[in-house]
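> Sequence first, then the predicted structure:
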Amino acid sequence: MNTRREQLVGVLFALPWILGFTIFLAYPLVTSFYYSFTSFSVLRPPHWIGTSNYRELIKDDVFHQSLKNTLTYAAASVPLATVFAILLAMLLNTKAKGMAFYRTIFYIPSLVPMVALGVLWLWIFNGHYGLLNEGLGKVGLPTPPWLTDPAWTKWTLVLISVWGTGNAMVIYLAGLQDVPQSLYEAAEIDGAKAIGKTWHVTIPMISPVILFNVIMGLIGAMQTFALPYVMFPGGQPARSTYFFSMYLYDTAFQFQRMGYASAMGWVMFAITLSLTLIALKLSSKHVHYEGG
Amino acid sequence: MNTAVAQRLAALAIVTAGLFAWVGSERAASRQTGSQRVVVTYWEKWTGDEMQAMKHIVDSFNASQSRIEVRYLSISGIADKTLLATSGGNPPDLAGLWGDQVVQFADAGALAPLDDLASKAGLSESTYKPAYWNEMTYKGHLYAFPSSPGTSALYVNRALMPPEYNSAEKFPKTLSEFEKFISKVSKKNNSGGLETAAFMPRDGFGSGSWPYLFGGDFQNGNEIEVNSATDLKAWEWVHSFAKRFGVRETQSFRSGFGNYSSPQNPFLSGKLATMMDGPWFSNYIRLYNPKTDWFVVPFPYPDGHPELAGYTVLNLNTLMIPKGAKHKSEAFEFIRYVQRQDNMERLCTEQFCNSPLSKVSEKFLNTHPNKAIRVFDELARSPRARGPVQVGIWNQISQEMGNAVDLMDVGGVEPKVALDKAQERLEDEWSKYREQVLNQ
């Protein structure tokens, strides 16, 4: 078969994906960028208004609040979930009996649908009947109104974020199993104890995996939607849980301001991209790749 | 893999993609059944009991004639999907949206006016209770018809009432009497926490519409106004409950409320002695705590203002025909069928609702599963019955007012400051809406 025919066959094979990508991703991306410069109520043709939507965002208090909520949540949940997932992966990397069973058990929570999870957590964090406050009360600790006090609501969601670390945990586990045993042996000969081996061997060796998970976690946290949407309708109380994506959804579908929502989407894209680039830049000295 | 196999696989992939595209592009609203009936696609939000009730009407309509077949589709997120389908030029023939969406959808040009069809069918203002008719019409045009409506009234748990309040006749009629009632009925436990609250204005149906109780509004002429003296009075009254019971205690107490449709509903679990709700709530009582002994009363009115008695907040499920629907006249045939008194009363009975029609049969009132249906029916006729204001930013108003009361209750912000802030934001929203939607 000549090269040209081979290319044609290759393109034909890739065609379903190319079509899907073009129709469902590239086209909406390009049009949403255009819509971000228009006033567009979905049902009427878009009307060009220049940079008006972007200028409005600068003055929009709710936009600022939702951005602050989202960044606070990301800043708290990503490190917490990272530490928790690494610790869990290290525990599940030991040579204990029945480890396959434990790995499955700890992975299962990340398979639970977000809406079901939201309802479940509403019960656990319920101020009066909740399992958590029941336990805290029993040991004489304060029992905060997790779901109704603006000072606590975001932290409730941060705590819940730890629940879904199963996916990251599996990736860390794979990374841990890739660390050469010889390095641990060398560290032992040099007199390293468990903490020393973890700090000087394990963490540097899985640093590319940590970077990957942190970036994915960051992107996920910036887009968090389902859980607060189910647990705190409208971002209540006092918009303390009103996240960026919730405001974007309301703007597009409740308020029918698709142009403004598109501008919000692009601003979010720019922020997430910037944070990712910063993370990559900051990590360059701390992430070690095998082979240089 | 040899060339021939590769080419065949590639061709198969293209044919499969083509098939998906062909099937996917079949227009939802232009199908014909084998018997050549015109198929009317009907999108509705309900599932469960409410869906079954409407399906009975649909089945009965389909059996009543041989020209049209209505196909009921239960759709989640119906407003978003109707919006997008209409925008894409492929809307359902009939959409069961909420009454508060009439204005927003009409402003966006998404609804077909139904004046001519209604007029030919003999359906007019006099067919309906005035408050519902007002909600269906906008800027002189009729855009929707009711399916099942509701009105709000106060449910009272008799078991939690002292003898002086244990019947509708003895229940407080004015707000000052109601204040005494709240002090008397609310109870604290041994550790000083709230055990039972007589009433919480932020829970139950219509909890965002309290300005109407005091004669206030969200609008002044063509302008949005949420911080008038009357509005302030209303929201201060709402905020007074958090002050009365204690901000922290109220938070803690309300955080113990379970889901609306569950035995942990605060009224059904005995945490709230009274709660505003619609006629459908008796179905939830039947399902989740049938032993509850309850009665219903109109909400007390402000002292010295008997003209403000009869306060109630409307709920309206509607049938609308989106613009671009392929079978408008056939869809309207079904609407007309639903509007027949016998069918409407059957639907409203099975959905535990009051009737939107001005004429209501004694049979409906006597056999309705909600024993207090006469109270709801009378309230629906009240000149004080109010639905959402007819502006396209009602969603923004609701959200902003919820936030304002949150700021008062848990944020320590003075009511006047919170309302002024809401006013400022809503003025801005309204100005943009006028500029970008109404004047476009």
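Thanks, I have the structure now. Residues are numbered from 1 along each chain as shown, chains lettered A, B, ... in the order given.
> which ones are touching residue 82?
Here I'm looking at chain A. A:A168, A:I210, A:N213, A:V214, A:G217 (Cβ atoms under 8 Å, 6 or more residues apart in numbering or on different chains). (Each C-beta comes from the backbone N, C-alpha and C, glycine too.)
> looking at chain B here, not the other one
Contacts of B:T82 by Cβ under 8 Å, 6+ apart are B:W43, B:I75, B:P91, B:P92, B:A95, B:L97, B:F105, B:A110, B:P322.
> would you list these in TSV and tack on secondary structure?
Listed next are the contacts of B:T82 as TSV, based on DSSP: H, G, I helix; E, B strand; the rest coil:
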residue	secondary structure
B:W43	strand
B:I75	coil
B:P91	coil
B:P92	coil
B:A95	strand
B:L97	coil
B:F105	helix
B:A110	coil
B:P322	strand
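> just those residues that are near chain A?
Filtering the contacts of B:T82 for proximity to chain A by Cβ under 8 Å from any Cβ of the partner chain leaves B:F105, B:A110.
> Chain A: which of the contacts of B:T82 is nearest?
B:A110 (4.8 Å; Cβ to the nearest Cβ).
> returning to that earlier point: check the contacts of A:T82 against chain B, which are close?
Counting by Cβ under 8 Å from any Cβ, no member of the contacts of A:T82 is near chain B.
> May I have the phi/psi pair for residue 151?
Answering for chain A, as no chain was given. A:A151 has phi and psi values of phi -70, psi -20 when expressed as degrees, to the nearest 10.
> Not quite, go with chain B.
phi -140, psi 160.
> who in the stretch 101-250 of chain A is up against chain B?
Going by Cβ under 8 Å from any Cβ, the residues of the stretch 101-250 of chain A near chain B are A:119, A:122, A:126-129, A:145-150, A:234, A:236-239, A:250.
> hmm, which of these are the buried ones?
Neighbour counting by 16 or more other Cβ atoms under 10 Å in any protein chain shown classes A:122, A:126-128, A:145-150, A:234, A:236-239, A:250 among these as buried.
> Those in helices, which ones?
Among those, DSSP state H puts A:L122, A:P150 in helices.
> now, the most widely separated pair of the buried ones among the residues of the stretch 101-250 of chain A next to chain B?
Using Cβ to Cβ, the pair of these lying farthest apart is A:H128 and A:D250, separated by 29.6 Å.
> C-terminal to the longest helix anywhere in chain A, what's the next element?
The helix that spans the most residues within chain A, counting by DSSP H, is helix A:61-91. Next along the chain after helix A:61-91, taking DSSP states H and E as the criterion, comes helix A:99-107.
> quick check, distance from that following helix to the centre of its chain.
23 Å (Cα atoms, centre = their mean, to the nearest Å).
> which of the buried ones among the residues of the stretch 101-250 of chain A next to chain B lies closest to A:Y54?
Of these, the one sitting nearest to A:Y54 (Cβ to Cβ) turns out to be A:D250, at 18.7 Å.
> how close does the closest one get to B:E330?
35 Å (Cβ to Cβ, to the nearest Å).
> now do B:D49
Distance of B:D49 to B:E330, computed by Cβ to Cβ: 27 Å.
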